[in-house]
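**Student:** below are the sequence and a predicted model; questions follow.
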Number of protein chains: 2
Amino acid sequence: MASPGAETEKPGNHNDFVQLCNPHVAAIKEDVLYHFSLSTSTHDFPTMFGDVKFVCVGGSPSRMKAFIKYIAVELGLDHPGAEYPNICEGTDRYAMFKVGPVLSVSHGMGIPSIAIMLHKLIKLLYHARCSDVTLIRIGTSGGIVLEPGSVVITRQAVDGCFKQEFEQIVLGKRMVRNTHLDDRLVQELVRCSADLGEFPTVVGNTMCTLDFYEGQGRLDGALCSYAEKDKQEYLRAAYEAGTRNIEMESSVFAAMCNACGLRGGSLGRSSPNCPPSPPPPRVSSRAPPIASLGLAPALPPRRVSGPLRWDLLGLSRGPRQGPQCLCRDSRATERPER
Amino acid sequence: MASPGAETEKPGNHNDFVQLCNPHVAAIKEDVLYHFSLSTSTHDFPTMFGDVKFVCVGGSPSRMKAFIKYIAVELGLDHPGAEYPNICEGTDRYAMFKVGPVLSVSHGMGIPSIAIMLHKLIKLLYHARCSDVTLIRIGTSGGIVLEPGSVVITRQAVDGCFKQEFEQIVLGKRMVRNTHLDDRLVQELVRCSADLGEFPTVVGNTMCTLDFYEGQGRLDGALCSYAEKDKQEYLRAAYEAGTRNIEMESSVFAAMCNACGLRGGSLGRSSPNCPPSPPPPRVSSRAPPIASLGLAPALPPRRVSGPLRWDLLGLSRGPRQGPQCLCRDSRATERPER
């Protein structure tokens, strides 16, 4: 067995066909992607998915469905009466939608849930012989010292102790993976946002926790053994360590993109839940929605091979804002979805 | 701040009103349970939920809907045309159904996802002034050296290193919680199963992992750096440490039940994915379904106050098997849901 430990190898170069980091899969006769309700023996993956260049993932199935509708309009692929069926309709574990070269997939909440989805997604892309694929996670997050509506572009995911790594237990032993996201993609996303000039954007570290309440210093869970000042101290330390927002999926997302040689980016729409000083203005539930995160209108469908057109990947423009639900922050002030 | 560390305190005794382990919540004017799309200011929790005595939780929304229909029939509360609406219809994060004193709630996959649900569920039970509540997790799991269709009643949840504890990071510090489940409930469930005599039942430790693939020794993920023999050695060690099945939620379930003084039980329908020796018979996808896990027909709705009638809590009887999908094992051999 390979010794668990720091992992630096990448199985493929960017702009290559998607590769796995598992020699066993090539010997599998039928690969059943159970949680997608898809199988290599019953579905023609190259025909269904071979043209995929961008995969956008987010927590909620309904948001990812709204996202694919929005993208279809942006890409000029929408038409009256168009429907975007859930490719994974045989299961309620995840939902998947596709338009042109863009796949939109839900991943539920938390590291284990997104990890199961990513294992299957990467195998899907491998079986479909996809190349030059970029993965982008879009989601909500709790911001630290940020103007409401800001977007954080993740440079590196860190854990609850601010360590810049993703630790997991493999066969009872600790393995550590790299959580640094693609620098070129980060810079392209920064440029896209600057071109738009519609909302504040920062690049920073994203803290990825296993727990939503105690793990993020919340005071309103069923369990809490600390006080407001303890929370403030913790968030201040997080900020000083370079953390700009907190969510629950980015570390394993970054780790798996790195391990499989995929370009990955993580975007979080954030509201402040604690500036170090002075005390935070409470986040209004009426905070102005930012434009939905998406692919720029100019992205040519089915012609995104060769060098990736990073300049075409960005945040939506103009008056078309897309569904606001994509951007709502659920972390800082909880509001019922109505 | 209370020092993170081993936690032994329990805020309430069994058979009491549900209590929280958080002094801050009492001061909250409006408690918004965002991921349930419920709020104390817009919903009358005591009226909606005050009679709840049993909460059954499982991963999939559709399975938990099927479960509530099954329970309604078992309790004699079903009638032609009866519908069981999703109480959380305003969100797609979780689904919740109720009939009589039984609540059925989905929790998604993995520790973070079930933990978010449990924080909100326990606050819901607290705001509703529920008493004498028992939580039971029902789900699928990967069995170790078990006859297909066996049910594992969890005595204690362990982590991927076989440690009998649940570790989490709270404000950057390690906190450890107790994962031993209620012994009396374990024995009652054993007796129920013995009375039924319909399927093998074992009591054992349940390993709860953060990862479905590498965390459980699978060879078919997008990432894998070990061989079949390494997997076999790991599962053999798990078995020798008392582990009888593997899943992804039990540790935080046990920890939160303990911390809030709630009786909790965990039942997993398992198939073997690796006996130590000789080599495993492959698990058939046609393994006989076991009876669905449920509440016995004799359970009197809305009259389950006072000492809990553990003898009434059991596994379903007779020819009525309920929806088989509740029992399918998704771990040992993956099959598409059709």
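**Tutor:** Structure's in. What do you need?
**Student:** low pLDDT regions in the stretch 201-338 of chain A?
**Tutor:** Within the stretch 201-338 of chain A, the stretches with pLDDT under 70 are A:271-338.
**Student:** residue closest to the middle of chain A?
**Tutor:** Nearest residue to the geometric centre of chain A (Cα atoms, centre = their mean): residue A:137, 1.6 Å.
**Student:** need phi/psi at that one.
**Tutor:** phi -90, psi 130 (degrees, to the nearest 10).
**Student:** surely it touches residue A:249?
**Tutor:** Yes: using Cβ atoms under 8 Å, residue A:137 is in contact with residue A:249, at 6.5 Å. For every residue, glycine as well, the C-beta is placed using N, CA and C.
**Student:** who touches both of the two?
**Tutor:** residue A:114 (Cβ atoms under 8 Å, 6 or more residues apart in numbering or on different chains).
**Student:** measure residue A:71 to chain B for me?
**Tutor:** Plainly put, residue A:71 is 19 Å away from chain B if you go by Cβ to the nearest Cβ, to the nearest Å.
**Student:** name the nearest residue to that residue, sequence neighbours excluded.
**Tutor:** residue A:102 (5.2 Å; Cβ to Cβ, 6 or more residues apart in numbering or on different chains).
**Student:** if I pick the one you found, what's in contact with it?
**Tutor:** Taking Cβ under 8 Å, 6+ apart, one finds A:52, A:53, A:54, A:55, A:56, A:68, A:71, A:75, A:295 in contact with residue A:102.
**Student:** show me what the helix or strand containing the fifth one is packed against.
**Tutor:** With elements delineated by DSSP states H and E, residue A:56 resides in strand A:54-58, which encompasses its position. Strand A:54-58 makes packing contacts with helix A:61-74, strand A:102-106, helix A:111-127, strand A:134-143 when contacts are defined by 3 or more Cβ pairs under 8 Å, 6 or more residues apart in numbering or on different chains; DSSP states H and E.
**Student:** got the CA positions of the longest one in PDB?
**Tutor:** Once non-C-alpha atoms are left out, helix A:111-127 reads as follows in PDB (Å, rounded to 0.1, in the frame of the first residue of the first chain):
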ATOM      1  CA  ILE A 111     -17.600  17.300   3.100                       C
ATOM      2  CA  PRO A 112     -18.900  13.700   3.000                       C
ATOM      3  CA  SER A 113     -21.900  14.600   0.800                       C
ATOM      4  CA  ILE A 114     -19.900  16.600  -1.700                       C
ATOM      5  CA  ALA A 115     -17.100  14.000  -1.700                       C
ATOM      6  CA  ILE A 116     -19.400  11.100  -2.700                       C
ATOM      7  CA  MET A 117     -20.700  13.300  -5.500                       C
ATOM      8  CA  LEU A 118     -17.300  14.300  -6.600                       C
ATOM      9  CA  HIS A 119     -16.000  10.700  -6.700                       C
ATOM     10  CA  LYS A 120     -18.900   9.800  -9.000                       C
ATOM     11  CA  LEU A 121     -18.700  13.000 -11.100                       C
ATOM     12  CA  ILE A 122     -15.000  12.500 -11.800                       C
ATOM     13  CA  LYS A 123     -15.600   8.900 -12.800                       C
ATOM     14  CA  LEU A 124     -18.500  10.100 -15.000                       C
ATOM     15  CA  LEU A 125     -16.100  12.600 -16.700                       C
ATOM     16  CA  TYR A 126     -13.500   9.900 -17.100                       C
ATOM     17  CA  HIS A 127     -15.900   7.400 -18.700                       C
END
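**Student:** near chain B, anything from that helix?
**Tutor:** Yes: counting by Cβ under 8 Å from any Cβ of the partner chain, chain B has neighbours in helix A:111-127: A:111, A:112, A:113, A:115, A:116, A:118, A:119, A:120, A:122, A:123, A:126.
**Student:** quick one: secondary structure of the residue nearest to residue A:213 when sequence neighbours are not counted?
**Tutor:** Leaving aside its chain neighbours, residue A:213 sits nearest to residue A:221 (3.0 Å; criterion: Cβ to Cβ, 6+ apart). At residue A:221 the chain is in coil, as set by DSSP: H, G, I helix; E, B strand; the rest coil.
**Student:** relative to residue B:20, how far out is residue A:221?
**Tutor:** 8 Å (Cβ to Cβ, to the nearest Å).
**Student:** what touches both of these two?
**Tutor:** By Cβ under 8 Å, 6+ apart, residue A:221 and residue B:20 have these common neighbours: residue B:123.
**Student:** quick revisit: residue B:22 is in contact with the residue nearest to residue A:213, correct?
**Tutor:** Yes: Residue A:221 lies in contact with residue B:22 (Cβ under 8 Å); the separation is 6.2 Å.
**Student:** who in the stretch 51-200 of chain A is up against chain B?
**Tutor:** Residues of the stretch 51-200 of chain A that fall close to chain B, judged by Cβ under 8 Å from any Cβ: A:59-62, A:90-93, A:108-113, A:115-116, A:118-120, A:122-123, A:126, A:159-162, A:168-172, A:175.
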